[in-house]
Each structure stands twice: as C-alpha cells, then as structure tokens.
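J.: Take a look and give me a structure for this.
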Amino acid sequence: MEEYQKMQKRKQRIFVFLSLCMATVIIISTIVWRRSEYIDSGQQHTIDAVRGLNGEGAVCEGDEKSLTEREKLYLKLCEMYEDVAAWLVIPNTLIDYPLMYTENATYYQDHSFDRQKDIYGTPYLDAGNAKDFSDPYTIVYGHAMNNSTMFGSLADAKTEDGFDQLSDGVLMLPNGYQCLEVVAVFTADAEISGMSKTLAETKSYDNAGLEALLEKALYRRDDTEIGSGDRLVALTTLAETEGCGAIILLLKIAPWEGF
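T.: The predicted structure is shown next:
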C-alpha cells in the first residue's frame with residue numbers, strides 16, 4: 001500500500017512538472033508570436049519607433065540632399081510596387097513616407113508598402129480619389145502613432161505655436177516635386193470629417209463647401225490663398241483606430257520652388 005502511494009505521488013509530480021513545462025512553452029510561444037505581430041511586424045516601423053524616441057530622422061527644411069535620397073527611393077519603389085502613388089515629406093517632423101493607393105479602401109491600414117501584413121500600415125489615399133492627385137480635394141489617411149511617427153506629429157499642430165511652426169511640405173510625384181502649403185488644421189468631429197469626405201467626393205471645385213469647412217478650422221494661415229483650380233490635400237488621422245477625434249491638416253498643392 002505504501003509503495004502504491006509513493007508511485008501515485010511520483011506520477012502526480014511528473015504530471016505537474018510536464019504541465020508546467022507545457023504552460024511555459026505556450027507562454028513563450030505566445031510572447032514570441034505577439035512580438036512578431038506587434039513589434040517586428042515591419043522593419044520600417046521598428047526604425048520609426050527608434051527615431052521617434054530619440055528625435056532623429058526628420059528631414060530638416062533646406063535639406064536638399066535628404067530629398068534627393070527620398071526621390072531615388074520613391075522612384076525605385078514605383079518600379080517595384082504599382083500601388084505607390086507619391087512620397088510625402090513635412091520637414092522637421094517624422095512625416096516622411098510613401099503614399100499608397102488601391103481601390104481596397106482600408107487595405108493599407110494594416111499593410112506595409114510591400115504588401116506585408118503590418119498593424120501600423122502605410123499612409124494611403126482615399127479610394128475615391130485619383131492616384132495622381134488631380135482631384136480638387138484629396139484625402140490621405142494615416143495612423144496617429146504616439147511616438148510622433150506616421151501622422152502622430154499632427155497632434156503638435158493643435159496648439160497655436162505648433163501650427164505656426166509647421167513647415168510647408170513636399171509631395172514627390174512621378175513628374176517631379178510639388179510644394180504643399182499649409183492652409184489649416186482641424187480637430188475633426190463627425191461633422192467636420194463628413195464635410196471633408198464630401199469635398200473629396202465632389203469632383204469639381206466647391207468654394208462654398210470649402211469655405212464652410214474652413215470656418216471650422218482650429219487655426220488657419222491667412223496668407224495662403226485658395227481659388228478655383230487649386231488642389232488641396234487633407235492629411236487625416238485614422239481616429240476610428242485611435243479612439244479619439246481625427247486631426248486634419250489641410251494643405252494646398254503649389255509649384256515647387258525649392259526650400
């Protein structure tokens with residue numbers, strides 16, 4: 001009887017040991033999987049996270065060399081991936097990305113430019129817009145990362161000083177550079193987001209609709225004139241994935257004259 005009890009206790013210890021080993025394996029596997037999905041989901045964004053934390057990596061205003069480097073990369077990506085539409089740079093921020101276009105409205109919310117699954121996604125044009133930015137009003141979406149990467153730095157424009165310090169952007173297209181002049185910034189509720197979306201869906205210049213939108217701006221550059229024939233770009237954060245109101249930075253496409 002005593003020998004039987006010892007054997008049973010030995011079996012119980014072995015069972016507990018094996019159970020602990022199995023639980024450890026499951027925990028480690030889960031950690032590795034989640035790291036793969038959320039941390040290493042894109043090498044591009046691992047680099048972004050580092051430069052966002054140490055403040056490095058932004059293209060400074062006047063840095064023609066960095067623009068040339070981006071242009072070479074952009075043209076190379078255009079040859080490799082048909083969804084690449086443009087390259088966007090807002091100097092002195094970490095907004096420095098290829099812009100994607102596809103008729104699948106939300107595809108690049110969670111895919112990198114090379115079509116790999118990536119929860120951070122890549123900034124992309126509204127599916128209803130023209131890929132070449134020929135529409136009067138084009139919406140570009142991007143996640144508002146809290147380390148200032150992607151469109152995270154748009155949050156800085158919600159203060160008057162932050163808005164005043166914004167530099168005009170650069171839009172690289174296959175036929176050359178375009179300047180993106182700062183027009184206004186919005187903290188967008190459902191009404192403002194709807195007005196912006198309506199302007200994108202209207203394929204002709206809508207002065208009344210635009211003026212109605214601009215009246216709701218948080219801040220506006222009075223020296224940036226807008227008229228019939230002008231083309232606008234609305235950089236818009238993906239509020240539905242961040243759990244807060246969207247931020248919209250409205251820009252006007254203008255001829256490139258250098259920094």
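J.: quick one: the helices in the chain?
T.: 2-38, 43-54, 64-80, 160-164, 190-201, 207-214, 239-242 (DSSP state H).
J.: Can you name every helix or strand that the fifth one contacts?
T.: In terms of contacts (3 or more CB pairs under 8 Å, 6 or more residues apart in numbering; DSSP states H and E), helix 190-201 is packed against strand 137-142, strand 176-188, helix 207-214, strand 231-237, strand 246-255. In short, each C-beta sits where N, CA and C put it, glycine included.
J.: In that helix, which of the residues would be classed as buried?
T.: 192, 193, 195, 196, 197, 199, 200 (16 or more other CB atoms under 10 Å).
J.: On the pLDDT front, check residue 112 for me.
T.: Residue 112 is assigned 87 on the pLDDT scale.
J.: Give the residue spans of the chain that score low on pLDDT.
T.: 1-21, 23-57, 239-244, 259 (pLDDT under 70).
J.: in terms of contact, does residue 109 touch residue 238 like I think?
T.: Yes - using CB atoms under 8 Å, residue 109 makes contact with residue 238 at a distance of 6.6 Å.
J.: shared neighbours, these two?
T.: 141, 143 (CB atoms under 8 Å, 6 or more residues apart in numbering).
J.: Next, work out how far apart residue 93 and residue 134 are.
T.: 26 Å (CB to CB, to the nearest Å).
J.: So these two - more neighbours on which side?
T.: residue 93 (21 against 11; other CB atoms under 10 Å).
J.: Which residue comes closest to residue 249 once chain neighbours are left out?
T.: residue 235 (4.4 Å; CB to CB, 6 or more residues apart in numbering).
J.: What count of nearby residues applies to the one you found?
T.: The burial count for residue 235: 25, using other CB under 10 Å.
J.: From the structure, what's the count of residues near the closest residue to residue 127 other than its chain neighbours?
T.: Among residues not flanking residue 127 along the chain, residue 105 sits closest, at 4.1 Å (CB to CB, 6+ apart). Other residues near residue 105 come to 12 when the count uses other CB under 10 Å.
J.: any idea how far residue 124 is from residue 105?
T.: For residue 105, the distance to residue 124 - CB to CB - is 9 Å.
J.: ok, residue 83 touching residue 100?
T.: Yes - the criterion here is CB under 8 Å, and residue 83 meets it with residue 100 at 4.9 Å.
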